[in-house]
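K.L.:
with the input below, show me the fold.
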Amino acid sequence: MKIERIVTTRIALPLRRPHRLAMATLTDHDMLIVQLFTDEGIAGLGEVSIIPHYGAETPGAIQHIIDACLVPALMGADPRNLMQVHARMDAAIMGNAYAKAALEMACLDCAGRALGVSVATLLGGAVRKRMPALWVLGHGEAQRDIEEARSLLDSRSHRLFLVKVGKGEPAENVRRALDIKQALGDQVSVRVDANQGWDEATASWCIERLEAGGIDAVEQPVPAWNRAAMQRLAARFTVPIMADEAVCTLQDAMAFAGEAAADAFSIKVSKHGGLMRARQVATVAEAAGISLFGGTMLEGGIGTSACAQLFATLPSLAWGCQLFGPRLLKDDVACAAVSYDAFDLVLGDSVGLGVEIDPDKLRFYQVPR
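P.N.:
Below you'll find the predicted structure:
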């Protein structure tokens, strides 16, 4: 089997409500869809989901790197040979994790379809079908977030919640998170994510109060480059300090593990450069006693299915997963091969990723080059 053609399509999907983060407020969501075709008529799908200012990547740049650099390198390769696929991509260009992740995803989907097995099977096999699903409270207003959380609790959809902080006055950030925690009580888990929004002194002030108020974890409180501050915060506080933007490569994971600079890692397929490399980062964490959280870049149906397949293979997923993208999107070009039941995400039985593109919706949401 050989790769014969790769097509990339940039899309913008509408959200059900504005989604506020420390670095941006989203009203729609940019993605890049990859369709990989082989000489045997078997095709695979990949997806890149991009949150503005989370990293250095942009949809147009990722599309250009794939089309101009990585596609020529992969022509004629066997998509089932993932080591060769990665070797060719790394020889063509350094870095560019998001672009490589999308292409690897399409190769794994293609390989699974060819062999008649799930992507989880290709990654070693699923150890779970269900995983607790977290919802991000992204209104930026305590009362609206409380109302949304109560609605999700009543429908038995989510009982793990993440409050976005790191933008605006630190005291307001803390007060909003604690108001939400107090209103929802002990029946839920409430965490915060600063998305690198605080310096070390501010983080120390905030975390002291968040810990006392019953917040369960603090994600990426300081800039990604400041591993020493992460180490000091992790040593000082009992509440777990989680690394996200600071742990992208396998080398990052090794450094954080060696220096005890975080209690938990947020695993994300795109930032690690693919499912195989994300699994390697998870293995380092497991070996170092660092707990794991299945993070998200607000993936759509394709990306959510891929991430769920990976997370299902992890021996321990202490913090659950954050794969709520399909529920935040108003529409999509593919239906995720997962369902949501009794506060959990449930992985369906599938061959490959188990998703199919709707060509009409792909055309409708396409962003012109």
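K.L.:
only C-alpha atoms from now on, for both contacts and neighbour counts.
P.N.:
Will do.
K.L.:
how about low-confidence regions in the stretch 251-369 of the chain?
P.N.:
Within the stretch 251-369 of the chain, no stretch has pLDDT under 70.
K.L.:
show me where it has its strands.
P.N.:
264-267, 291-294, 338-341, 344-347 (DSSP state E, counting those that start in this stretch).
K.L.:
comparing those, which comes out most buried?
P.N.:
Comparing the strands of the stretch 251-369 of the chain by mean neighbour count (mean count of other C-alpha atoms under 10 Å), strand 264-267 comes out on top with a mean of 26.
K.L.:
name the strands paired with it and say parallel or antiparallel.
P.N.:
Its sheet considered, strand 264-267 pairs with strand 241-243 (parallel), strand 291-294 (parallel) by DSSP bridges.
K.L.:
dump it to CSV, keeping only the CA atoms.
P.N.:
Extracted in CSV, the C-alpha atoms of strand 264-267 (Å, rounded to 0.1, in the frame of the first residue of the first chain):
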residue,chain,number,x,y,z
ALA,A,264,0.4,16.1,36.3
PHE,A,265,0.6,16.4,32.5
SER,A,266,-2.1,17.4,30.1
ILE,A,267,-1.6,15.2,27.1
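K.L.:
contacts for that strand next, please.
P.N.:
By C-alpha atoms under 8 Å, 6 or more residues apart in numbering, the residues outside strand 264-267 that reach it are 240-244, 247, 278, 281-282, 285, 290-295.
K.L.:
now do that strand: distance to the chain's middle.
P.N.:
10 Å (C-alpha atoms, centre = their mean, to the nearest Å).
K.L.:
tabulate the strands paired with strand 264-267 in TSV, adding columns for distance to residue 160.
P.N.:
Formatted as TSV, those follow (distance: least, C-alpha to C-alpha, whole Å):
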stretch	distance to residue 160
strand 241-243	16
strand 291-294	12
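K.L.:
which one of those strands lies closest to residue 156?
P.N.:
strand 291-294 (20.1 Å; C-alpha to C-alpha).
K.L.:
chain center to the closest one, what's the gap?
P.N.:
Worked out by C-alpha atoms, centre = their mean, strand 291-294 lies 11 Å from the chain centre.
K.L.:
before we move on, what about stretch 140-149?
P.N.:
Worked out by C-alpha atoms, centre = their mean, stretch 140-149 lies 23 Å from the chain centre.
K.L.:
mind listing residues that contact it?
P.N.:
20, 137-139, 158-159, 161, 164, 176-177, 179-180, 183-184.
K.L.:
may I see the buried residues of the strand ranked longest in the chain?
P.N.:
If you go by DSSP state E, the chain has its longest strand at strand 3-20. Under the neighbour-count criterion of 16 or more other C-alpha atoms under 10 Å, strand 3-20 has 3-6, 8-15, 19-20 buried.
K.L.:
farthest-separated two in those residues?
P.N.:
Among those, 4 and 20 lie farthest apart (C-alpha to C-alpha), at 40.7 Å.
K.L.:
okay, stretch 159-179 in CSV with CA atoms only?
P.N.:
Extracted C-alpha coordinates of stretch 159-179, given in CSV (Å, rounded to 0.1, in the frame of the first residue of the first chain):
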residue,chain,number,x,y,z
ARG,A,159,-19.4,16.7,36.8
LEU,A,160,-15.8,17.7,36.2
PHE,A,161,-15.3,21.4,35.5
LEU,A,162,-12.5,23.6,34.5
VAL,A,163,-12.6,27.4,35.1
LYS,A,164,-10.4,29.5,32.8
VAL,A,165,-8.4,32.1,34.7
GLY,A,166,-5.2,34.0,34.0
LYS,A,167,-6.8,37.1,32.3
GLY,A,168,-7.8,40.2,34.2
GLU,A,169,-7.4,40.9,37.9
PRO,A,170,-6.0,37.9,39.8
ALA,A,171,-8.3,38.6,42.7
GLU,A,172,-11.3,38.4,40.4
ASN,A,173,-10.0,35.2,38.9
VAL,A,174,-9.7,33.6,42.3
ARG,A,175,-13.1,34.9,43.5
ARG,A,176,-14.9,33.6,40.4
ALA,A,177,-13.4,30.2,40.7
LEU,A,178,-14.2,29.9,44.4
ASP,A,179,-17.7,31.2,43.8
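K.L.:
in that stretch, what counts as buried?
P.N.:
Of all the residues in stretch 159-179, those buried under the rule 16+ other C-alpha under 10 Å are 159-167, 170, 173-179.
K.L.:
give me the number of residues near the nearest residue to residue 52 once chain neighbours are set aside?
P.N.:
The shortest distance from residue 52 to any non-neighbouring residue, by C-alpha to C-alpha, 6 or more residues apart in numbering, is to residue 24 (6.5 Å). Neighbourhood size, residue 24 [other C-alpha atoms under 10 Å]: 13.
K.L.:
wait, residue 24 sits on residue 55?
P.N.:
No - the pair residue 24 and residue 55 does not pass the contact test of C-alpha atoms under 8 Å, sitting 11.8 Å apart.
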